[in-house]
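A.B. asks: generate a structure from the sequence data that follows.
(one chain, ligands or ions: 1)
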Amino acid sequence: MKRVLDWNKYIEKAVQTVAEGIVMLENNNALPLGVDDAVSVFGRIQLHYYKSGTGSGGMVNVSKVTGIVDGLIEAGVNIDQELLGIYRKWDEENPFDQGSGWGGEPWSQKEMPLDDDVVKKAASSSNKAIVIIGRTAGEEQDARIEAGSYLLTDNEKDMLKKVRKHFNKVIVLLNVGGLIDLQDILDCKPDALLYVWQGGMTGGTGTADVLTGKVSPSGKLPDTIAYKVTDYPSDKYFGDKKCDRYTEDIFVGYRWFETFAKDRVLYPFGYGLSYTTFDISFDKAERTGNEIIVTVKVKNTGNYKGKEVVQVYCEAPQGKLGKASRVLCGFTKTSELAPNETETVTLKISKRDIASYDDSGITGNRFCWLLESGSYKFYIGNDVRSPELAYSFNITEDQIIEKCSQALAPVIEFERFKACEKNNSIVYCMENVPVSEVDEAKRIAERIPKEIEYTGDKGIKLADVLSGKKSMNDFIAQLSDYDLSCIIRGEGMGSPRVTAGTASAFGGVSNSLTALGVPAGCCSDGPSGMRLDCGTKAFSLPNGTLIASTFNTELAKELFEFTGTEMIANKVDCLLGPGMNIHRHPLNGRNFEYFSEDPFLTGKMAASELKGLHKVGVTGTIKHFCANNQETNRHFVDSVVSERALREIYLKGFEIAVKEGNADSIMTTYGAINGLWTAGNYDLNTIILREEWGFDGFTMTDWWANVNYRGGEPKRNFYAPMAKAQNDVYMVCSDSSCVDEDIENALKDGTLTRAELQRNAANILNFILHTHAMKRIIGDEDTVEIINRGSDSGESDEPVVFYDLVKTLKIDLSDVKCVKGTNHSFALTVDTEGFFKMTITASSEQSPLAQIPVTVFAMGTAVGTFTWNGTNGKPVSFSLELPIFSRFTAIRLYFAQNGLDLHSVEFELTKTVDNMDIAFASEDK
Ligand code: BGC
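C.D. replies: Down below sits the predicted model:
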């Protein structure tokens with residue numbers, strides 16, 4: 001099939017997403033900007049728009065990011081050029097600190113100190129000021145309650161004060177991935193305050209559309225903004241390196257605040273202003289078997305066109321279980337309404353979404369989803385706080401919605417919050433959390449599948465299964481123990497079997513599997529666009545939090561259909577996203593990748609993104625399954641959570657993504673839930689995911705994850721418990737085709753059976769059968785013509801050259817042209833992993849004052865920058881110590897200037913170390 005990807009339309013869709021995801025918290029006639037406004041922009045981030053956070057979720061190579069000032073200039077806004085010049089000059093003298101190494105970029109940058117006279121002068125030529133505060137975030141660490149992290153720095157505070165002093169209208173924009181402290185900002189009484197989030201490479205255009213009034217803001221908060229971090233009920237244990245107890249239980253975000261602590265809320269969940277006003281009125285409700293169908297009329301009562309989000313919250317009876325006083329159970333976004341225009345919207349509310357899970361048996365229906373008897377009240381409006389009661393119904397007897405069995409429950413005793421009635425009001429009390437009574441070994445033993453008899457190679461190719469000539473069982477019968485042991489291991493990063501610079505290959509990862517016609521599927525990070533470490537450019541999307549703030553499921557679907565088509569063009573089958581962990585605490589380092597504190601919103605947005613990808617035959621890998629809610633010691637922390645909280649909060653989004661979004665690829669987490677690492681967790685991967693939800697795709701671990709048996713030490717590359725739990729693929733191995741003794745031994749001593757491995761193989765193969773990778777093998781490849789990409793072109797058909805690095809290597813670079821803004825990439829197949837001395841030799845005929853920097857990226861991460869001056873043509877060498885712990889390592893040299901004659905790059909092994917021991921040395925076990 002021939003597909004066309006129109007880059008302009010892709011950009012338009014991303015810009016629309018940004019504009020719809022921006023949340024306006026305050027506006028005292030400062031916005032929109034008018035044609036007569038002159039604007040001074042403060043804050044160095046105006047020159048370095050944060051398109052996303054850092055780490056795997058943000059490493060998308062782009063040739064151009066449109067920042068906020070670029071967007072404003074393009075939109076014709078009169079910007080104070082003199083001030084912009086001052087920032088540019090200072091920025092040149094104080095370069096942006098990229099940091100170095102994995103997660104090494106600082107989360108904020110030094111701010112330009114502001115001279116009072118500079119602000120005064122700016123105020124004499126402009127009537128409005130925009131102040132931009134920026135923060136990034138990322139993997140391996142959480143934000144901290146420190147200046148430059150959650151709090152403002154002194155320079156930022158000073159900037160705000162000075163700007164406030166001299167300007168009548170001050171607009172503050174937060175170019176951040178997640179929540180930051182607002183107190184110092186609000187103290188300066190800004191006239192307008194907007195979370196503009198991180199909008200990907202077109203973020204500035206979307207932001208300008210809102211600021212200029214081309215689009216009226218319609219984004220809504222996906223999280224509650226409380227006064228202080230300590231107000232969030234998860235704060236007590238968040239960040240604990242060993243054991244994070246989820247004592248707040250189901251009371252996450254607004255569920256806590258609306259039930260017990262309304263006065264601690266600065267801006268409620270779902271809140272966001274528009275340039276216009278709306279009247280939302282309940283029309284009617286109808287109850288069918290499993291649904292309540294609500295009809296609502298929305299009228300634009302103001303003077304601007306705009307969209308509104310209709311939100312439906314349920315207040316279930318407290319019953320015996322105790323409930324949150326509000327739970328989001330429906331939302332929809334109107335189309336753009338002109339002043340006075342009315343639209344009627346219909347929302348379907350599923351009973352399952354207002355049901356609770358009884359994990360203690362207090363209702364007499366243990367391990368069931370149920371509606372307790374009493375009155376169910378529905379509040380319909382445009383945030384969680386303001387709506388009036390719209391509709392209610394009564395049920396006289398408890399209704400069981402679904403029976404389950406105990407799964408994933410805690411194994412240690414601890415207490416949790418519960419809603420209790422006291423003197424006719426709801427207060428919180430504590431109760432003991434029910435612990436697991438499951439005999440896990442028995443549960444697994446009862447479900448060992450039947451072995452398919454081994455036939456050896458019968459000449460059946462995977463294509464024969466696709467065409468219906470042979471069954472999958474016939475195909476699997478041919479796989480030897482060795483084949484089965486290969487197929488459960490993914491290869492990466494940067495496997496030469498798939499698109500260069502991607503996270504992994506899976507499926508056809510050995511010669512014998514390839515000979516049987518199993519293609520190698522390709523995974524690439526994710527979530528906000530493709531990460532292609534060799535330097536290939538891709539579209540950088542708005543981050544997850546921004547997408548959630550749109551509350552627009554259709555838009556998310558449309559955007560990801562473009563991404564899906566771009567994936568086909570790059571031969572990528574699985575995007576490693578959407579990331580969909582719950583924003584349990586505002587300091588979580590990866591909140592920017594995830595959607596919301598609410599599981600319903602999270603699930604709906606993820607399902608929409610998946611629908612977009614599936615429409616063109618690729619998929620997303622929903623991650624991290626589940627309760628991956630802190631980065632501190634993420635490989636070893638144990639999340640101790642009740643079964644009820646897991647089901648109602650931490651699993652629910654995934655459940656929606658599986659059931660509604662037909663998710664077919666899942667990544668488990670690094671850490672443990674209730675004592676067992678998720679990568680080897682049978683209850684999670686088999687009982688809940690497959691038996692209860694009917695998932696029939698394949699699951700993978702997070703990269704180099706730990707796995708254990710209950711009570712045993714977690715270890716990397718520990719495949720037997722993983723395979724047993726039906727977590728199908730270990731990500732990643734440096735060579736998946738090598739013989740693995742662990743699996744051989746487990747098969748010998750019976751801890752793992754061939755039948756179990758065959759089940760993993762079936763999951764993987766059934767998935768791979770319907771990928772573009774498979775289409776390529778049978779010669780039915782889709783082609784994608786990308787049109788209108790212009791200077792952003794980055795896809796390359798040139799295969800990346802692999803060099804064998806056996807202790808030392810010298811590569812001749814004399815043919816490589818050093819052209820400003822370009823990259824030179826190559827990849828290494830490394831014989832011995834360890835530390836290498838990397839030396840680049842180059843010369844330049846430029847003047848001795850010329851500065852010609854070359855930045856070295858290894859696996860997409862900046863590891864150092866060398867700057868040459870003119871050398872009178874003489875070769876000059878620079879060296880750095882480079883840790884190489886991936887057998888396939890993509891190296892990229894980025895040239896920031898012209899004028900360098902490259903000679904060579906050399907590698908020399910200086911220290912051998914066991915790779916993972918050193919790579920993860922800083923962690924507490
Ligand atoms: C992250 C995953 C990511 C993987 C591959 C891990 O560090 O936790 O989300 O997909 O790396 O880059």
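A.B. asks: what does the chain put close to the ligand?
C.D. replies: Among all residues of the chain, those adjacent to the ligand (criterion: C-beta under 6 Å from any ligand atom) are 56, 139, 503, 525, 526, 576, 623, 702, 703. All C-beta spots, glycine's among them, are computed from the backbone N, C-alpha and C.
A.B. asks: give me every residue that touches the residue lying closest to the second one once chain neighbours are set aside.
C.D. replies: By the measure of C-beta to C-beta, 6 or more residues apart in numbering, the closest residue to residue 139 outside its immediate chain neighbours is residue 55, 3.5 Å from it. When the contact criterion is C-beta atoms under 8 Å, 6 or more residues apart in numbering, the partners of residue 55 are 102, 103, 138, 139, 140, 590.
A.B. asks: who's in contact with the residue of the stretch 501-650 of the chain found nearest the ligand?
C.D. replies: When distances are taken as C-beta to the nearest ligand atom, the stretch 501-650 of the chain approaches the ligand most closely through residue 576, which lies 3.8 Å from it. By C-beta under 8 Å, 6+ apart, residue 576 lies in contact with 56, 503, 523, 524, 525, 526, 527, 620, 621, 623, 667.
A.B. asks: list the contacts of the third one.
C.D. replies: It stands for residue 523. For residue 523, the contacting residues are 490, 492, 502-506, 572-576, 621, 700, 731, taking C-beta under 8 Å, 6+ apart as the criterion.
A.B. asks: quick check: the residue of the stretch 701-850 of the chain found nearest the ligand vs residue 678, distance?
C.D. replies: Scanning the stretch 701-850 of the chain for proximity to the ligand using C-beta to the nearest ligand atom identifies residue 703 as nearest, at 4.0 Å. For residue 703, the distance to residue 678 equals 14 Å [C-beta to C-beta, to the nearest Å].
A.B. asks: more crowded one of these two?
C.D. replies: Just comparing residue 703 and residue 678: by other C-beta atoms under 10 Å the higher neighbour count belongs to residue 678, 30 against 20.
A.B. asks: looking at this protein, which helix or strand does the model trust least?
C.D. replies: For the chain, the helix or strand with the lowest mean confidence is helix 915-919, at a mean of 54 (criterion: mean pLDDT, DSSP states H and E).
A.B. asks: extract the C-alpha trace of the lengthiest strand in the chain and format it as CSV.
C.D. replies: As far as residue count goes, and with DSSP state E defining each element, the longest strand of the chain is strand 901-912. What follows is the C-alpha trace of strand 901-912 in CSV, where atoms were taken according to Å, rounded to 0.1, in the frame of the first residue of the first chain:
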residue,chain,number,x,y,z
ASP,A,901,38.8,19.0,8.5
LEU,A,902,38.2,15.8,10.2
HIS,A,903,41.0,13.2,10.1
SER,A,904,40.1,10.2,12.3
VAL,A,905,38.4,8.9,15.4
GLU,A,906,40.1,6.3,17.5
PHE,A,907,38.9,4.0,20.3
GLU,A,908,41.1,2.2,22.8
LEU,A,909,39.8,0.0,25.6
THR,A,910,41.2,1.2,28.9
LYS,A,911,39.1,-0.7,31.5
THR,A,912,37.0,-3.8,31.3
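A.B. asks: what is the mean pLDDT for it?
C.D. replies: Per-region confidence: strand 901-912 scores 94 on mean pLDDT.
A.B. asks: same for that strand, what does it pack against?
C.D. replies: Using 3 or more C-beta pairs under 8 Å, 6 or more residues apart in numbering; DSSP states H and E as the contact criterion, the neighbours of strand 901-912 among helices and strands are strand 808-812, strand 834-843.
A.B. asks: so where do the strands sit in the stretch 1-150 of the chain?
C.D. replies: Secondary structure of the stretch 1-150 of the chain (DSSP state E, counting those that start in this stretch): strands located at 2-6, 23-27, 38-42, 78-79, 128-134.
A.B. asks: meant to ask about the stretch 151-300 of the chain, not that
C.D. replies: Listed in chain order, the strands of the stretch 151-300 of the chain (DSSP E, counting those that start in this stretch) span 169-175, 192-195, 225-226, 243-245, 265-267, 278-287, 291-300.
A.B. asks: can you list contacts of the third one?
C.D. replies: Residues outside strand 225-226 that contact it (C-beta under 8 Å, 6+ apart): 25, 179, 182, 232, 257, 261, 264, 265, 266, 267, 268.
A.B. asks: now the end-to-end length of stretch 357-365.
C.D. replies: The first and last residues of stretch 357-365 sit 9 Å apart, counting by C-alpha to C-alpha, to the nearest Å.
A.B. asks: wait, what's in contact with the closest residue to the residue of the stretch 701-850 of the chain closest to the ligand other than its chain neighbours?
C.D. replies: In space, and not counting its chain neighbours, residue 703 is closest to residue 731: 5.2 Å by C-beta to C-beta, 6+ apart. Neighbour list for residue 731: 490, 492, 503-504, 506, 523, 667, 700-705 [criterion: C-beta under 8 Å, 6+ apart].
A.B. asks: good, we can wrap up now.
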